[in-house]
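Novice: Predicted coordinates and the sequence they were generated for:
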Number of protein chains: 4
Amino acid sequence: MAGGGQERGAEGWRARYYRIIFEADTPAGKAFDVILIAAILLSILTVMLESITTVRERHGELLRVAEWAFTILFTIEYALRLMCTERPLRYARSFFGLVDLLSIIPTYASVLVPGAQALLVIRTLRILRVFRVLKLAHYVRESETLLRALVASRRKISVFIFAVFTLVVVFGSLMYLIEGPDSGFTSIPRGVYWAVVTLTTVGYGDIAPQTNLGQAVAAVIMVLGYGIIAVPTGIITAELTQGGDRSLSARACRSCDATRHDADALHCKRCGARLT
Amino acid sequence: MAGGGQERGAEGWRARYYRIIFEADTPAGKAFDVILIAAILLSILTVMLESITTVRERHGELLRVAEWAFTILFTIEYALRLMCTERPLRYARSFFGLVDLLSIIPTYASVLVPGAQALLVIRTLRILRVFRVLKLAHYVRESETLLRALVASRRKISVFIFAVFTLVVVFGSLMYLIEGPDSGFTSIPRGVYWAVVTLTTVGYGDIAPQTNLGQAVAAVIMVLGYGIIAVPTGIITAELTQGGDRSLSARACRSCDATRHDADALHCKRCGARLT
Amino acid sequence: MAGGGQERGAEGWRARYYRIIFEADTPAGKAFDVILIAAILLSILTVMLESITTVRERHGELLRVAEWAFTILFTIEYALRLMCTERPLRYARSFFGLVDLLSIIPTYASVLVPGAQALLVIRTLRILRVFRVLKLAHYVRESETLLRALVASRRKISVFIFAVFTLVVVFGSLMYLIEGPDSGFTSIPRGVYWAVVTLTTVGYGDIAPQTNLGQAVAAVIMVLGYGIIAVPTGIITAELTQGGDRSLSARACRSCDATRHDADALHCKRCGARLT
Amino acid sequence: MAGGGQERGAEGWRARYYRIIFEADTPAGKAFDVILIAAILLSILTVMLESITTVRERHGELLRVAEWAFTILFTIEYALRLMCTERPLRYARSFFGLVDLLSIIPTYASVLVPGAQALLVIRTLRILRVFRVLKLAHYVRESETLLRALVASRRKISVFIFAVFTLVVVFGSLMYLIEGPDSGFTSIPRGVYWAVVTLTTVGYGDIAPQTNLGQAVAAVIMVLGYGIIAVPTGIITAELTQGGDRSLSARACRSCDATRHDADALHCKRCGARLT
């Protein structure tokens, strides 16, 4: 009996914390999420500032303290998450579980291995938690619309990405043959890198064709890259546009001949007669 | 009586000037706006010309005179605006009020503090007044269509911008780790800057990855940046396309609480009751 | 009588040549256009080749001959055009008339003024004649669809271009203040040029911000430029998409309730009953 | 009789292999395709690795062996294809037949002519075979939708590409005149190359305008390039969006010659006569 009560107590404790830490539909849960996001953003800011030489030299001590403070905070959070979930291993193995763990290890590791702190940049991945907090807001529906459009067009996008992949491999190899190492095309992978830089219209200019033939071929890949951006744009747009339209039914009202009723309409929107 | 007449006279004077200066539906108001815009554009041209070393050396005297002329003109305009509006403080605190004030201060300040004139570039912000003049023309409806599309898709755009923000932070940090300071990735903020330059396909080339791994990661972010431009395009296009269709009204049916009726619906589409 | 006959003969001669040279609906007219385009393209190729130092040094003599041949040919064409049109002055003053004249003058001028030949590049403008030849083909309807979409959205595009203009002036001035001449921002016009290069995502890299604040502001304008490309795309797409749809009428057939008839349909496409 | 049986045997052998090698609707055919693609990708990887100096120096021997192995494998495949098709010449002359042949020749040629191996990059073209394998999957319909959209808008795209071609020739020549050889505009073709780099928003920065006038003209072509990307995007999007609607049939009414009927129309929309 006592054991059962204790168990229930433990269960209640666990469930309560689970609600706060993993869910977001209670005031406490929302508050926890907001504080966590703030802590994550501040910790990322700390990591960023520390990477700047002049700032590190001047405020190194302060940043070190902040780093340890955030690390201890995130360690406690990690421990709480492990304790209050029913399947700790599942959480530990999940993407967010791994990110949470990897974002605290470097600070501890730096005690043993100097320089391990550099890996703290992994902590920037924790910014992805913000997407979970977005669930709080009205942004869900909008995100879902975008995601649905992306998912619905995943095959068209795959075909497109594969076509892009083929283009950069073929054109990259071609330019390696035409230009040679003097213009910076030292190997085929380098040529493929150049082709990506050019096709996506980024155009660093660190590698650029020098020969006439090379520049002519480059012009072709530029126009191609300029033009085929239209394809993914068209795909996503078509998906987003048809997303909202699909619910117009073709039914006409028998009483007043009105058309363009919504798919879920039961009555005519003009005269109120029942639609068949 | 005399006081009342004086007041009415003052009121009439104020109201008349208010109409000319703040509104644009009278011939005098339109003329004032056109002259003001011309003066603003000319004053900006003066500031621009003065920033060119060779022009300043040759025509410095003339430009100085023009600068003082425009400053005095704008000071009179600012004083008139303050005087003829009923709530001068509200205007003074508004965005345009601040811009108007800030665009005359530097010239006066330059008497006391040499070099304060550099701040005259704030005057370029006055160009935004043109948007008010656009109201005169048939451009209103077009601007409104564009603005409505932008406003209607503000949440989708927020989600998109946040996704872009996350991508550049994560990729920028990653490249800082991979490339190090030798390739110009001297700090994480610099890495993030590079990621913005690359993701938006601007590609200056002042910072560019040198290692094989760095170039491979860069290729990924390029293809991402090349592809995800399709998302905002799709959002805006879908919004503009459905602009005509999007006549969903905010009314709810009194009988059954159903919402999302068409703007032209007379009866509830679910229960057939008359909508109010 | 004889004079009348002579006049008719002259008229007939003129009209016949007018048909061949200015119109394109007869076999002779088509042949003339095709030969003219070929001559224009070849003459442009000649000008291009002559601009390359190594080619000029080796085949200078040949290119000079070709240049004179094309010039004489185009002079004859110009004379014919002047003679066979009823209003020679109107043609001479038209855009194509001016281009035709300007593309033959430099060669003659080079006899008197050495180096005047450089102006032969004006001849490349004659390439625009190809658009007239396009009228021959099935491309008219497609070109018209594109043109109609552009014309229909000219106001939205104007608002957009003006917004871009404002952005580059404001941001260009701002960067001039922030960066100063050390980073290449030597004057406000130069800053505006940089802003155009960046906003349009071209990104040469000849002028690039060096300070932290400058790079932060640059990142903002990059994301803006990356995002607002969606606006003209959305405008054109909406116009092109609705171009074909607009003709669907909302009428339903009284006999069979079929809907989605074309706007110009007189009979039901399903049952053949007359539409009201 | 024996000869006939032998012939049938040969026929059966041929048809069986043809099914496996050229078709993909049997398990054996699918397996062959998957193995072939794997071999192609590995052989391309080998060529790529060999092009990197450091890798070639360290693992040159191994890569040489792999190269010969793939060459022998592809030679057997080529021989099999020639043998089992009924019209070997037609295959040998087809695009894929030529690519297959060209991708094995360089290795053999390298025995006689040192350095001929460089041509092995032609082998990357074999990656195009993947598109044939895509037929296996559900990707066909998606690819077809994309292809149909591209084909349907081929004329609009031609008009667009020709307009781009005209723009780069005219602007390239103009910039050659304005900038001259000092800024890198050494010839008109080089100017046209710069115009392509700029209009497509690639922007290497290896050639960039230095004069004020040149930069002003460059700003115009940048805004043009930034804006007209909207045109192909609009074309493809409109095509993809209307993909479902575009059911216009090519039938003409026998009674009144009216055309442009919907694909599902049973009666002429103008005169009501039954369509055949």
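Specialist: Looks like it arrived, so ask away.
Novice: Please report how far the residue lying closest to A:Tyr78 once chain neighbours are set aside lies from D:Ile72.
Specialist: Take A:Tyr78 and drop its neighbours on the chain: the residue closest to it by C-beta to C-beta, 6 or more residues apart in numbering or on different chains is A:Asp100, 5.1 Å away. For every residue, glycine as well, the C-beta is placed using N, CA and C. Going from A:Asp100 to D:Ile72 by C-beta to C-beta, to the nearest Å gives 52 Å.
Novice: out of the two, which sits in the busier spot?
Specialist: Set A:Asp100 next to D:Ile72 and count neighbours by other C-beta atoms under 10 Å in any protein chain shown: A:Asp100 wins out with 22 against 12.
Novice: Would you confirm that the more buried one contacts A:Thr75?
Specialist: No - using C-beta atoms under 8 Å as the test, A:Asp100 is too far from A:Thr75 to be in contact (9.6 Å).
Novice: Could you say which helix or strand holds the residue nearest to A:Tyr78?
Specialist: For A:Asp100, the host element (DSSP states H and E) is helix A:95-102.
Novice: Which elements pack onto the helix or strand that that helix is followed by?
Specialist: Using DSSP H and E, the helix or strand that follows helix A:95-102 towards the C-terminus is helix A:105-112. Here helix A:105-112 touches helix A:53-84, going by 3 or more C-beta pairs under 8 Å, 6 or more residues apart in numbering or on different chains; DSSP states H and E.
Novice: got the CA coordinates for the helix or strand following the helix it packs on in CSV?
Specialist: Per DSSP H and E, the first helix or strand lying C-terminal to helix A:53-84 is helix A:88-93. C-alpha atoms of helix A:88-93 as CSV (Å, rounded to 0.1, in the frame of the first residue of the first chain):
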residue,chain,number,x,y,z
PRO,A,88,14.8,7.8,-20.8
LEU,A,89,16.7,5.8,-23.4
ARG,A,90,14.3,6.8,-26.1
TYR,A,91,14.8,10.5,-25.3
ALA,A,92,18.6,10.0,-24.9
ARG,A,93,18.8,8.5,-28.4
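Novice: one step back: list of residues touching the helix holding A:Asp100?
Specialist: Taking contacts as C-beta atoms under 8 Å, 6 or more residues apart in numbering or on different chains, the residues outside helix A:95-102 that touch it are A:74, A:77-78, A:81, A:91-92, A:119, A:122, A:125-126, A:128-129.
Novice: Quick check, A:Arg19 in contact with A:Gly29.
Specialist: Yes - with contact defined as C-beta under 8 Å, A:Arg19 reaches A:Gly29; the gap is 5.9 Å.
Novice: what comes up buried for stretch A:75-85?
Specialist: For stretch A:75-85, burial by neighbour count (16 or more other C-beta atoms under 10 Å in any protein chain shown) applies to A:75, A:77-78, A:81, A:84-85.
Novice: Apologies, that question was intended for stretch A:208-228.
Specialist: Of the residues in stretch A:208-228, A:208-209, A:214-215, A:217-219, A:221-228 count as buried by neighbour count, 16+ other C-beta under 10 Å.
Novice: likewise stretch A:170-187?
Specialist: If you call a residue buried by 16+ other C-beta under 10 Å, then stretch A:170-187 has these buried ones: A:170-179, A:183-187.
Novice: Which of those residues fall in helices?
Specialist: A:170-179 (DSSP state H).
Novice: of those residues, closest to chain B?
Specialist: Distance to chain B, by C-beta to the nearest C-beta, is smallest for A:Gly172 among these, at 10.5 Å.
Novice: Was I right to think the closest one contacts A:Trp194?
Specialist: Yes - with contacts counted by C-beta under 8 Å, A:Gly172 reaches A:Trp194, the gap being 6.4 Å.
Novice: low pLDDT regions in the stretch 151-276 of chain A?
Specialist: Applying pLDDT under 70 to the stretch 151-276 of chain A flags residues A:242-270, A:272, A:275-276.
Novice: Now do the contacts for A:Ile228.
Specialist: By C-beta under 8 Å, 6+ apart, A:Ile228 lies in contact with A:160, A:163-164.
Novice: For it, give its distance to A:Ala163.
Specialist: Distance of A:Ile228 to A:Ala163, computed by C-beta to C-beta: 8 Å.
Novice: Repeat that for A:Thr124.
Specialist: From A:Thr124 across to A:Ala163, the span is 32 Å (C-beta to C-beta).
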